[in-house]
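A.B. asks: Sharing a sequence plus its predicted fold:
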Amino acid sequence: MTKLSVNINKIALLRNARGENIPDLMLFAKDLERFGVEGITVHPRPDERHITRKDVYDLAKIYPKENCEFNIEGYPSDDFIAMVLEVNPSQCTLVPDAPGQLTSDHGWDTLKNEKLLREVISKLKAKGIRVSLFIDADNEMIAGAKRVGADRIEFYTGPYAAQFEADKHKAVAEIKAAAIFCNEIGIGINAGHDLNLDNLKFLKENISELLEVSIGQAFVRDCLYFGLENTVHLYKRLLN
């Protein structure tokens, strides 16, 4: 079974636009779980333009590890790691984003950043936090992720989504081959970025042992048309 984790950054962005608690982020997260979502993802950024540090702490009260999984994404700065260690989520997904970056658009170079990643991952795993690294479909980088101690990789699926309409078989080829390599070396597979109702099923069909997908912007867009509960069921139907 592939778990669906919903990134709620865009809900926080809507809330922040008016300076009020509308929509209510905590209620939205609880309703996602009530309708069958297995994970909640947040990506707090230094400028707090959507998810704030307070949101992270508030969500941690709702999602201890025995409940719906809580996944915190971010660049491993000292303050970010300190927050994650205190919150102790189910999973931490490390991304190589610069502080002012609009959105994640590439995976880790696990060779150049080996020392940093090894040290950070060691701290997280000592607290029992599962660690995933945001990675391009590159076997050398995946092998590096395994070497520094990551439990999983999260495939950056932006290029797949961009090529999907033109040639879906070509679009998925690199990820499919890289997924086989992941299974061979024994590292778990997540995926995320620009996945939607059109391209998700085909990706799932071509990645054996896909453990989790993280979907945010497309999910929120679909909620506007189909409603929250129906959107959850539409995505879960494609995964299982």
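C.D. replies: Looks like it arrived, so ask away.

A.B. asks: Identify the residue nearest the geometric centre of this structure.
C.D. replies: Centroid-nearest residue in the chain, with Cα atoms, centre = their mean: residue 214, separated by 4.3 Å.

A.B. asks: Give the other helices and strands that the biggest helix by length in the chain contacts.
C.D. replies: In the chain, with assignment by DSSP state H, the single longest helix is helix 168-185. Other helices and strands packing on helix 168-185, by 3 or more Cβ pairs under 8 Å, 6 or more residues apart in numbering; DSSP states H and E, are helix 139-147, strand 152-156, helix 158-163, strand 188-192, helix 200-206. Glycine gets a C-beta too; all of them are placed from N, C-alpha and C.

A.B. asks: buried ones in that helix?
C.D. replies: 168, 171-172, 174-176, 178-179, 181-182 (16 or more other Cβ atoms under 10 Å).

A.B. asks: cool, and stretch 59-72?
C.D. replies: Result for stretch 59-72 [16+ other Cβ under 10 Å]: buried residues 59-60, 63, 68-72.

A.B. asks: likewise stretch 132-148?
C.D. replies: Buried-residue list, stretch 132-148, by 16+ other Cβ under 10 Å: 132-138, 141-142, 144-146, 148.

A.B. asks: With stretch 15-34 instead?
C.D. replies: In stretch 15-34, the ones that count as buried by 16+ other Cβ under 10 Å are 15, 25, 28-30, 32-33.

A.B. asks: mind checking the end-to-end distance for that stretch?
C.D. replies: Terminal residues of stretch 15-34 lie 21 Å apart, using Cα to Cα, to the nearest Å.

A.B. asks: now the residue nearest to the centre of the chain: how far from residue 97?
C.D. replies: 15 Å (Cβ to Cβ, to the nearest Å).

A.B. asks: cool, residue 35 as well?
C.D. replies: On the measure of Cβ to Cβ, residue 35 and residue 97 end up 30 Å apart.

A.B. asks: do residue 3 as well
C.D. replies: Taken as Cβ to Cβ, the span from residue 3 to residue 97 is 23 Å.

A.B. asks: Name the spans of the protein whose pLDDT lies under the cut-off.
C.D. replies: 65-66, 98-105 (pLDDT under 70).

A.B. asks: and with 80 instead?
C.D. replies: 64-67, 97-106 (pLDDT under 80).
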